[in-house]
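Peer 1: have a look at this prediction, sequence included:
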Amino acid sequence: MNVLDLIGRSEPLFDADVSRFEAELSERVQGGRFLVIGGAGSIGQAVAREIFRRRPKVLHVVDISENNMVELVRDIRSTLGYIDGDFRTFAIDCGSVEFDALMRWSGGYDYILNLSALKHVRSEKDPFTLMRMVDVNILNTNRTLEFARAQGSRKYFCVSTDKAANPVNMMGASKRIMEMFLMRASLELPISTARFANVAFSDGSLLHGFNQRFAKRQPISAPRDVRRYFVTPRESGELCLMSCLLGENRDIFFPKLSEKLHLITFSEIAVRYLAALGFEAHVCATEDEARVRADELIAAKRWPCYFFDSDTTGEKDFEEFFTDNEVLDMERFESIGVIRNEPVFDPARLERFVARIAELKAGGVWDKPDLVALFHEMIPGFAHKETGKYLDSRM
């Protein structure tokens, strides 16, 4: 199955830019010591592969998912093989004492790439998962930034999201706040980041769910009115690596919009996906109809689908990679735009944020409105889109 066909493209986005800068990328990788945090997720694995294929001195990968880490190693060994450099994986949490010990033992890294994140909009559905989002997306970033600064790393890279531009959900807002902390850190440590769109078939994504539903002979459900940009896993790895190695301090990389990259609905992809597998998409009127008729329709080479209009919390009506107030460099690369940032941040506001989170945790219990109010304080004009409905209530 050709992923590019499914997302409405005929060629990869970044081939020309990667080819143009390959010598520089390879030279820096071969002379470098790399730590990839969150390296067992879909983007993290893609980044680890891009580094490994260029034969680094050291590539250490950290992630809490033991199973996905095993798959990363199997995937690399089965395709790229082996290198002379030190390649190791560690199934630990970057917020743990075990991680602290690893950092002391390691001798330091030239490049630290942080891909760990709670990425789902639905993760704001309860105050407990939402607080973990704050920990993972913001506070752990601060912890690992401090390690990078203390060790004298050449660059710290942290992945952001298109949803950080004019955020309407707590996930996007958490990444926008993270970017503020990155600006503060940039006074002492070179940093860069990337905002990009949905990664097609990444773990936990709706398209990954298509694979799961097909394997389990279950209906496919998707919004018909939500249009999104998509990149492939390899493209996500290339964009992150180029931002890390080629980006200047405080740069945010993003894919340029062009005839290569355009919006497509999830329901369109579902129809193409099923056709590629030899099935016709059969649109059902309700979730119940799709569930009840699954065996009957599948036997006739028609796959039950339920397409609906989105009405859940935090769904953005359109996608954007930058705001009107951000300064752009659209000339440096063919298919990558760059947001050029000055170190603009409010030190007192950042300290209040950390103190307020500590205060809420010390109280032993907190509510979602506590965190929403704090996010509004951090991001004036934050247009949080709350409908009271979440994707967990959908098939």
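Peer 2: That came in fine, so what should we check first?
Peer 1: pretty sure Y273 contacts I7?
Peer 2: No: using Cβ atoms under 8 Å, Y273 is not in contact with I7; the gap is 10.1 Å. All C-beta spots, glycine's among them, are computed from the backbone N, C-alpha and C.
Peer 1: and for I112, the neighbour number?
Peer 2: 29 (other Cβ atoms under 10 Å).
Peer 1: and the contacts of the helix or strand containing it?
Peer 2: Per DSSP states H and E, I112 falls inside strand 111-114. Outside strand 111-114, the residues that touch it by Cβ atoms under 8 Å, 6 or more residues apart in numbering are 32-38, 47, 94, 140-141, 144, 147-148, 153-159, 240-241, 244-245.
Peer 1: which strands or helices does whichever helix or strand comes after that strand pack on?
Peer 2: Following strand 111-114 in sequence order, the next helix or strand is helix 127-134 (DSSP H and E). Counting contacts by 3 or more Cβ pairs under 8 Å, 6 or more residues apart in numbering; DSSP states H and E, helix 127-134 packs against helix 170-185, helix 347-362, helix 368-378.
Peer 1: can you give me the angle the shortest one makes with helix 170-185?
Peer 2: The one in question is helix 368-378. 40 degrees (axes from the mean of the first three to the mean of the last three Cα atoms, to 10 degrees).
Peer 1: chain center to helix 368-378: distance?
Peer 2: In terms of Cα atoms, centre = their mean, to the nearest Å, the centre of helix 368-378 is found 23 Å from the chain centre.
Peer 1: now do the SS call for H282.
Peer 2: Classification of H282 using DSSP: H, G, I helix; E, B strand; the rest coil returns strand.
Peer 1: tell me which of the helices and strands packed on helix 127-134 is the most buried.
Peer 2: Highest mean neighbour count among the helices and strands packed on helix 127-134 (mean count of other Cβ atoms under 10 Å): helix 170-185, with a mean of 23.
Peer 1: next step: the contacts of strand 111-114 restricted to helices.
Peer 2: V47, N140, T141, T144, F147, A148, C240, L241, C244, L245 (DSSP state H).
Peer 1: of all the residues you listed, which two lie farthest apart?
Peer 2: Spatially, the most separated pair among the ones in helices among the contacts of strand 111-114 is N140 and L245, at 22.8 Å (Cβ to Cβ).
Peer 1: most surrounded residue in the ones in helices among the contacts of strand 111-114?
Peer 2: Result: C244 is most packed of the ones in helices among the contacts of strand 111-114 (other Cβ under 10 Å), 30 neighbours.
Peer 1: just give the closest residue to it, not the sequence neighbours.
Peer 2: F157 (3.9 Å; Cβ to Cβ, 6 or more residues apart in numbering).
Peer 1: just grab the bridge partners of that neighbour for me.
Peer 2: Note on F157: beta-bridge partners by DSSP bridges are L113, S192.
Peer 1: so it versus E24, what's the distance?
Peer 2: Per Cβ to Cβ, to the nearest Å, F157 is found 16 Å from E24.
Peer 1: try E268
Peer 2: Relative to E24, and taking Cβ to Cβ, E268 is found at 38 Å.
Peer 1: next one: phi and psi at the residue lying closest to I7 once chain neighbours are set aside?
Peer 2: What sits nearest to I7 in space, not counting adjacent residues and going by Cβ to Cβ, 6+ apart, is F230, at 4.2 Å. Torsion angles at F230 (phi, psi; degrees, to the nearest 10) stand at phi -130, psi 140.
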